[in-house]
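A.B. asks: everything below, folded, please.
(2 chains)
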Amino acid sequence: MPDRTSSPALGVEIEQIFRAEHGRVVATMARRFGDLDLAEDATSEAIVAAMEKWPVDGVPPNPGAWLTTVAGNKALDRIRREAKREGKYAEAAQMNAQLEDDDSGRETGPVTDDRLRLVFTCCHPALAPQHRVALTLRLLGGLTVAEIAKAFLVEETTMAQRITRSKQKIKAAKIPYRVPREKDIAERLSGVLSVLYLIFNEGYLATDSADDPDRAVREELCDEAIRLTRLIQELVTGPPGKPGPLGPDPLPEVDGLLALMLLLDSRRPARVADGMLVILPEQDRTLWDAQKIDEGHALVRRCLAVNRPGPYQYLAAINAVHTDALDSSMTDWEQIVQLYDGLLRVSPTQMVELNRAVAVAELDGPAVGLAQVDRLDLEGYHAWQATRADLLRRLERYDEAREAYQRAIDLAGNTAEKAWLTHRLDQLPPNRRQRSSGTGDSLR
Amino acid sequence: MPQYMISVHHDGTEDFESMTEEEMQPIFDAVDAYNEEVRAAGKWVFGGGLEDITSATTVDNTKGERLVTDGPFSESKEYLGGFWVMEHADLDEALEWAQRASEACQGKVEVRPFQAEPA
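C.D. replies: Predicted structure coming up:
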């Protein structure tokens, strides 16, 4: 038999299995032993055991079941070591054996529900948003603490502390390990979706990449967010032909979010060139990922057909219009403005108004767009400054544009974005037109 | 059954003194009704409103000698207005009752679990 211990392909395969099975094993352990910390540690120990055994003996036919059995035994070992009274271990051992029998051979049912429970626990509103993100990536996504710390550019000890604190709160405050009741589902699921979108966005336009200019886009976070959203979609939709655990008509927002991520991510290969952000109209559209676009479009059609629109569906639809155009000049801006109107009805925020104003500027000209931008109170926000700078540039009000670009550069956290804004600033010709009276007030 | 403290916090900006009785009464009534619901649901352990913060006295006997001072121990503007202790199955249930408590007393409430008794 050939020596497989050093096979890189096998290493990759094993790594993928760990990622895919992590959430399932943690979730099952958490249900069996009622302790998230113990569940995580037992799963980690099972993975260490697999890392020793599988490269030598080969991957077992059902690796998930193997990991679950080993994790169960590891958890029992720890309970035995730490048990303050005799009876506790015996109870746990009996329960584990019983549940192991119940779970064997079941791919859905209680096992699926376990992971859904885990999602709702990790994304509980009583945890700080950053902690929800970390916990979801760690427990459900199976990323190591080091990987999560690296993705969010924080020290590993800081990230470890974040995760430990969340688990302590779950335990002390008794955050329940269950799928919320029906009347709370929609609200809680939208909380889960916003955690996933946060993970995606952190990857798509990293807030602070100053230490590492090559990492303006952190691809692994985008990939992980998409993978987890697919998992949520699968969990809420249930197996084909059967109603899912959340009823026959799951939230179309899940499809909407997945479509949005796929459509944004399809442009990833065209978004950064030579360390500089490339804005949508200037992207090389032949670089876009056609497969992701097709899947995104199909999902948009499917969720809009349910006719219960929400923010993610509108955003996905807007991006579907963008990805429909072979050339930026062919973009249907009228439809985009209409979709922003819809988005404003469900999500009336200044940020949405800002993005709508960008579309209005394409449709009705930069002066109309600028008037709408100036009404917003977003001065401390780099995208507002950058939008304003671009509209002023197009209106040939170069002095004001210069000032706005400078402010945008100061406020932007992403290196590639800074580089692009600086490039635009450097390209500005000297002022040709006098500043018209009264419009420059908001610059101060 | 786990116990939670649901406490009402004032941030010093409230002006209770200038509130008329007509303004206060609906709040008292709502809190009374809420208390009844908590009792009827079997969740009640203890609860009550506290006198004004100016009535507080601080005692320090950490150095082996009793030191009594007028006023609250903390310099902070925020102070505890009152609290409930209730029994709830888990945090979700506690948060649901806290939500109604906040509405009844027209104040922000904080939910904290009591330490579990040693097994």
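A.B. asks: can you show me the helices along chain B?
C.D. replies: B:21-40, B:91-105 (DSSP state H).
A.B. asks: which of these is buried the deepest?
C.D. replies: Across the helices of chain B, averaging neighbours per residue (mean count of other C-beta atoms under 10 Å in any protein chain shown) puts helix B:91-105 on top, at a mean of 19. Glycine gets a C-beta too; all of them are placed from N, C-alpha and C.
A.B. asks: that one vs helix B:21-40, what angle?
C.D. replies: 150 degrees (axes from the mean of the first three to the mean of the last three C-alpha atoms, to 10 degrees).
A.B. asks: now find how far off-centre helix B:91-105 is within its chain.
C.D. replies: 12 Å (C-alpha atoms, centre = their mean, to the nearest Å).
A.B. asks: avg pLDDT for that helix?
C.D. replies: What helix B:91-105 shows for mean pLDDT is 96.
A.B. asks: follow-up on the earlier one: among the helices of chain B, which is nearest chain A?
C.D. replies: Proximity to chain A (C-beta to the nearest C-beta) singles out helix B:91-105 among the helices of chain B, at 4.7 Å.
A.B. asks: what does the closest one contact?
C.D. replies: Residues outside helix B:91-105 that contact it (C-beta atoms under 8 Å, 6 or more residues apart in numbering or on different chains): A:124, A:126, A:173-176, A:180, A:184, B:4, B:6, B:8, B:27, B:30-31, B:33-34, B:37-38, B:43, B:81-82, B:84, B:86, B:88, B:108-109, B:111, B:113.
A.B. asks: what about the helix or strand residue A:92 falls within, near chain B?
C.D. replies: Assessed by DSSP states H and E, residue A:92 sits inside helix A:86-103. No: using C-beta under 8 Å from any C-beta of the partner chain, helix A:86-103 stays clear of chain B, with a minimum separation of 8.6 Å.
A.B. asks: and residue 68, how many neighbours?
C.D. replies: Since no chain was named, I'll use chain A. Look at residue A:68: counted by other C-beta atoms under 10 Å in any protein chain shown, it has 24 neighbours.
A.B. asks: ah, no, chain B please
C.D. replies: 9.
A.B. asks: which strands and helices sit next to the helix or strand residue A:55 falls within?
C.D. replies: Here residue A:55, judged by DSSP H and E, is contained in helix A:36-57. Packing contacts for helix A:36-57, counted by 3 or more C-beta pairs under 8 Å, 6 or more residues apart in numbering or on different chains; DSSP states H and E, involve helix A:8-33, helix A:63-82, helix A:156-172.
A.B. asks: tilt between the longest one and helix A:63-82?
C.D. replies: Here the directions of helix A:8-33 and helix A:63-82 differ by 50 degrees (the same axes, to 10 degrees).
A.B. asks: now find how far off-centre helix A:8-33 is within its chain.
C.D. replies: Distance, centroid of helix A:8-33 to centroid of chain: 20 Å (C-alpha atoms, centre = their mean).
A.B. asks: for the stretch 1-150 of chain A, which residue gets nearest to chain B?
C.D. replies: residue A:126 (6.0 Å).
A.B. asks: circling back to that earlier point, between the helices of chain B, which one is nearest to residue B:60?
C.D. replies: helix B:91-105 (30.7 Å; C-beta to C-beta).
A.B. asks: how about the helices and strands packed on helix A:36-57 in a markdown table, adding mean pLDDT and distance to residue A:148?
C.D. replies: Below are these laid out as a markdown table (pLDDT from 0 to 100; distance: least, C-beta to C-beta, whole Å):
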| stretch | mean pLDDT | distance to residue A:148 |
| --- | --- | --- |
| helix A:8-33 | 88 | 13 |
| helix A:63-82 | 93 | 21 |
| helix A:156-172 | 94 | 5 |
